[in-house]
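Q: coords please:
(chains A and B)
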Amino acid sequence: MKAVRIETTGGPEVLRLVDVPRPVPGAGEILIAQEAVGLNFIDTYQRSGLYPVKLPSGLGLEGAGVVEAVGEGVTRFRPGDRAAYCTGPLGAYAEAHAVPAGRAVRVPDGITSELAAAGLLKGLTAQFLLRSCHAVQPGETILVHAAAGGVGLILCQWAKALGATVIGTAGSEAKAALAREHGCDHVILYRREDVAARVR
Amino acid sequence: MPVVYDSVGKDTFMASIDSLAPRGLMVSFGNASGPVGPIDPLLLSAKGSLYLTRPTLFHYASTTAALDRIASEFFAVLGDGRVRVAIHQRFGLSEIVRAHEALEARATQGASVLDPGR
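A: Okay, the predicted model is just below:
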């Protein structure tokens, strides 16, 4: 199968598309025939060496697709189920990936694998931020920096659905417009305005 | 503000602290502009008995049960349209170099995915 590997850390040119044997799921693992892989900024940190990884290595933490095979002891999934994961192990940039069954979740009908791969890491992050770190209440006003970023756009929409008023910051008029389209009530352009003064 | 969600890091940290109401919560969850430097606990006192956390998903989804609960809440809001995820960039595996160049140039919007079949 085709997979991306890095032998050394560095710029984007260290990414190599190679042919490797299709993985066999070990005990407790599932093999996912991937329909989509999520790209995240953290991937670039692992490629560049800012966040150290053991070399040589695959890359990518997030993907979704159809369970092709299950390893010994796996009861959580069966072949044919759709599964997604977003906390590794590294190596998502591949046609298939073996993942511990306990780190993958079932993808409900009605949600495409592409959407699951694109949104899982950002969506789970938004969930714990809005519901656990601090439980956002109806009528509350919250401040979200980088409101037009990947997590930011989900935070805006979800906080609105919880009944909060969302003040966001953005770096350009285009990003401000995008944040507004996703439910951000007020946008502060942080390069031009004093954020704390505007908020107060 | 009772709570600030800050993924920008170094460049916005002080503005975030200054935006909080007394006993407000500062959630620092990223470092897009660089990591925040050392913090003196007395700063939190001076700015209004503030709370500060630097969370990561790992500690909130550390068990399979927790992961399932968090994921089911996300899939619920995604499934009924309360939350939309816009995919703006699609790349094939063979375009991975270009994909990383686009990410690092901040030339992407919304979410980016790879199609391993392409």
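Q: what strand or helix carries A:Ala126?
A: Per DSSP states H and E, A:Ala126 falls inside helix A:113-128.
Q: so for that helix, mean pLDDT?
A: Averaged across helix A:113-128, pLDDT comes to 97.
Q: what's it packed up against?
A: The helices and strands touching helix A:113-128, judged by 3 or more C-beta pairs under 8 Å, 6 or more residues apart in numbering or on different chains; DSSP states H and E, are strand A:29-39, strand A:62-70, strand A:82-85, helix A:150-161, helix B:57-60, helix B:64-79, strand B:87-92, strand B:111-115. Every residue, glycine included, has its C-beta placed from N, CA and C.
Q: outline the domain layout of chain B.
A: Domain assignment for chain B by automatic domain parsing gives B:3-55, B:73-112.
Q: grab the nearest non-local neighbour of A:Thr87.
A: A:Arg103 (5.7 Å; C-beta to C-beta, 6 or more residues apart in numbering or on different chains).
Q: now do the contacts for that neighbour.
A: Counting by C-beta atoms under 8 Å, 6 or more residues apart in numbering or on different chains, A:Arg103 makes contact with A:85, A:87-88, B:64, B:67.
Q: what backbone torsions are found at the residue lying closest to A:Gly171 once chain neighbours are set aside?
A: Among residues not flanking A:Gly171 along the chain, A:Arg191 sits closest, at 6.0 Å (C-beta to C-beta, 6+ apart). Torsion angles at A:Arg191 (phi, psi; degrees, to the nearest 10) stand at phi -80, psi -20.
Q: what about A:Arg191, distance to A:Glu173?
A: Applying C-beta to C-beta, to the nearest Å, the value for A:Arg191 to A:Glu173 is 11 Å.
Q: again, but for A:Pro108
A: Here A:Pro108 is placed at a distance of 37 Å from A:Glu173 (C-beta to C-beta).
Q: what about the two, which has more around it?
A: Looking at A:Pro108 and A:Glu173 with other C-beta atoms under 10 Å in any protein chain shown, you find the greater number of neighbours at A:Pro108, namely 14 against 11.
Q: that one and chain B: what is the separation?
A: From A:Pro108 across to chain B, the span is 5 Å (C-beta to the nearest C-beta, to the nearest Å).
Q: tally of neighbours for the residue lying closest to that residue once chain neighbours are set aside?
A: In space, A:Pro108 comes closest to B:Phe75 once its chain neighbours are excluded; the distance is 5.2 Å by C-beta to C-beta, 6+ apart. By other C-beta under 10 Å, 23 other residues sit near B:Phe75.
Q: likewise for the one 3 residues further on?
A: Neighbour count for B:Leu78, taken as other C-beta under 10 Å: 23.
Q: distance of it from A:Gln127?
A: Distance, B:Leu78 to A:Gln127, by C-beta to C-beta: 11 Å.
Q: B:Phe74 too?
A: Here B:Phe74 is placed at a distance of 5 Å from A:Gln127 (C-beta to C-beta).
Q: hey, what's in contact with both of these two?
A: With C-beta under 8 Å, 6+ apart applied, the contact sets of B:Phe74 and A:Gln127 do not overlap.
Q: those two: which is more packed in?
A: More crowded of B:Phe74 and A:Gln127, by other C-beta under 10 Å: B:Phe74, with 27 against 24.
Q: what is the burial count for the closest residue to the more buried one other than its chain neighbours?
A: Spatial nearest neighbour of B:Phe74, excluding adjacent residues (C-beta to C-beta, 6+ apart): A:Gly123 at 3.8 Å. By the criterion of other C-beta under 10 Å, A:Gly123 has 25 neighbours.
Q: next: the one 10 residues further on.
A: For A:Cys133, the neighbour count with other C-beta under 10 Å is 17.
Q: surely it meets B:Val27?
A: Yes - if you go by C-beta atoms under 8 Å, A:Cys133 and B:Val27 touch, sitting 5.5 Å apart.
Q: now the common contact residues for the two.
A: If you check A:Cys133 and B:Val27 against C-beta under 8 Å, 6+ apart, the residues they both contact are B:53, B:55.
Q: what is the most widely separated pair among the contacts of A:Arg103?
A: Within the contacts of A:Arg103, A:Gly88 and B:Thr64 form the most distant pair, 14.8 Å apart (C-beta to C-beta).
Q: okay, and for chain B, where does confidence drop off?
A: Within chain B, not a single segment meets pLDDT under 70.
Q: got the helices and strands packed on helix A:113-128 as JSON lines, with distance to A:Val20 columns?
A: As requested, the helices and strands packed on helix A:113-128 are exported to JSON lines (distance: least, C-beta to C-beta, whole Å):
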{"stretch": "strand A:29-39", "distance to A:Val20": "13"}
{"stretch": "strand A:62-70", "distance to A:Val20": "16"}
{"stretch": "strand A:82-85", "distance to A:Val20": "19"}
{"stretch": "helix A:150-161", "distance to A:Val20": "29"}
{"stretch": "helix B:57-60", "distance to A:Val20": "27"}
{"stretch": "helix B:64-79", "distance to A:Val20": "28"}
{"stretch": "strand B:87-92", "distance to A:Val20": "17"}
{"stretch": "strand B:111-115", "distance to A:Val20": "16"}
